[in-house]
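[1] predicted model and sequence below, questions to follow.
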Amino acid sequence: MKKRLWIWVVGVLTAMLCVGCGGHAAEDTQIEYSNLVDTPTQKQVAQLLQDHGVTAEQTETLMAWADDFNARVTSGTLTEGMQTAAGPGVDYSGWIVESKEAEDGTLLPEANCRLTSYLLLKNFIHTNGSRPKEDAILLFDEEAMDTYAPFALSEEERSDYGSLFGWVSVDGADTLEQQTQRILDAWKERDIQVGGDGISLITVYLDLPFDSVRFVGHTGVLVDTGDGLLFVEKYGPQLPFQATKFGNREELKQYLLSRADLYGDKTELPPIVMENHQVL
């Protein structure tokens, strides 16, 4: 019973992640972003991803996921083209999207940040397949893979997925520096490698003190545009896809850390942001 309750609590926490609103970055910071609604912007983002080795099939799947989600938004304003946000982040409070249902009425899962990032980078990812046991955070991702064909992965891909996004034990690591080292050590132990030229994986590791673990609370794909950066993400399971322009990595980091939903009751240590295997 305790284990079931624990899983339920972690599930509620996971459902809150990748959901949120703009937060605490400097007030004069603004971002330019798109929800991948209009065809010209979709083509522009898809071409940029393909220029960095993502296949046409992968970008077509991404845009199909975006079209499916955008068509079901009933409350909230989707962007046409690239627009400037009023602050350091996009305020998605009050957004409502209609749920998807199977023919038998069963609710179907939504894409989250991890499924979306893996879709785009799976051809660049290698691991040794090792992963932590009883990783409750990934239970929802795996259920999505099991129950909805668009999210299905091969056994090898699922193994890499678990290694890449599996939580990291920080038992006995009480400082930010110690927990950062645990994450770096886990990447080495799991032999996680993310290839690609000018394209990388951004992960935000959150602290879960109750279980002494760090887990990937948010993630996205970063692409070098030649004159800046483009960050592609699914903002949350019930929130839109987003492509955001940045001038440099510090702007990206401040944007990520401005999300109010990354912070709990203040008992946890601050988020740790990584680009591939390095701390950002």
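    Received the coordinates, thanks.
[2] how about the secondary structure of Val273?
    strand (DSSP: H, G, I helix; E, B strand; the rest coil).
[3] in the sheet, which residues pair with it? Tell me.
    Here Val273 sits in beta bridges with Val204, going by DSSP bridges.
[4] what sits against it?
    Contacts of Val273 were listed using C-beta atoms under 8 Å, 6 or more residues apart in numbering, and they are 202-205, 253, 256-257, 279-280. For every residue, glycine as well, the C-beta is placed using N, CA and C.
[5] quick check, nearest of these to Gly220?
    Ile202 (5.2 Å; C-beta to C-beta).
[6] what kind of secondary structure is that closest one in?
    Note that with three-state DSSP, the state of Ile202 is strand.
[7] measure it to Thr84 for me?
    To Thr84, Ile202 is 22 Å away according to C-beta to C-beta, to the nearest Å.
[8] which of the contacts of Val273 are buried?
    Those of the contacts of Val273 that meet the buried threshold are 202-205, 253, 256-257, 280, by 16 or more other C-beta atoms under 10 Å.
[9] adding pLDDT and distance to Ile183, write the residues you listed out as CSV.
    Formatted as CSV, the buried ones among the contacts of Val273 follow (pLDDT from 0 to 100; distance: C-beta to C-beta, whole Å):
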residue, pLDDT, distance to Ile183
Ile202, 98, 14
Thr203, 97, 9
Val204, 97, 11
Tyr205, 97, 6
Lys253, 94, 16
Leu256, 94, 16
Leu257, 92, 16
Leu280, 91, 12
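[10] please identify which of those is nearest to Glu32.
    Scanning the buried ones among the contacts of Val273 for proximity to Glu32, where the rule is C-beta to C-beta, the winner is Leu256, at 15.9 Å.
[11] just put the buried ones among the contacts of Val273 in CSV and tack on distance to Phe215.
    Below are the buried ones among the contacts of Val273 laid out as CSV (distance: C-beta to C-beta, whole Å):
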residue, distance to Phe215
Ile202, 15
Thr203, 10
Val204, 10
Tyr205, 7
Lys253, 19
Leu256, 15
Leu257, 17
Leu280, 17
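[12] what's the closest of those residues to Gly76?
    Leu256 (21.2 Å).
[13] can you pull out the strands in the stretch 51-200 of the chain?
    Assigned by DSSP state E, counting those that start in this stretch, the stretch 51-200 of the chain shows strands spanning 73-75, 83-84, 96-97, 100-101, 107-108, 125-126, 168-169, 193-194, 199-208.
[14] and of the ones you listed, who's closest to Asp51?
    That would be strand 199-208 among the strands of the stretch 51-200 of the chain, by C-beta to C-beta, at 9.1 Å.
[15] show me where the stretch 151-280 of the chain dips below the pLDDT cut-off.
    Under the criterion pLDDT under 70, no range of the stretch 151-280 of the chain is flagged.
[16] what's the angle from the longest strand anywhere in the chain to strand 199-208?
    The longest strand of the chain (DSSP state E) is strand 213-224. Here strand 213-224 runs at an angle of 160 degrees relative to strand 199-208 (axes from the mean of the first three to the mean of the last three C-alpha atoms, to 10 degrees).
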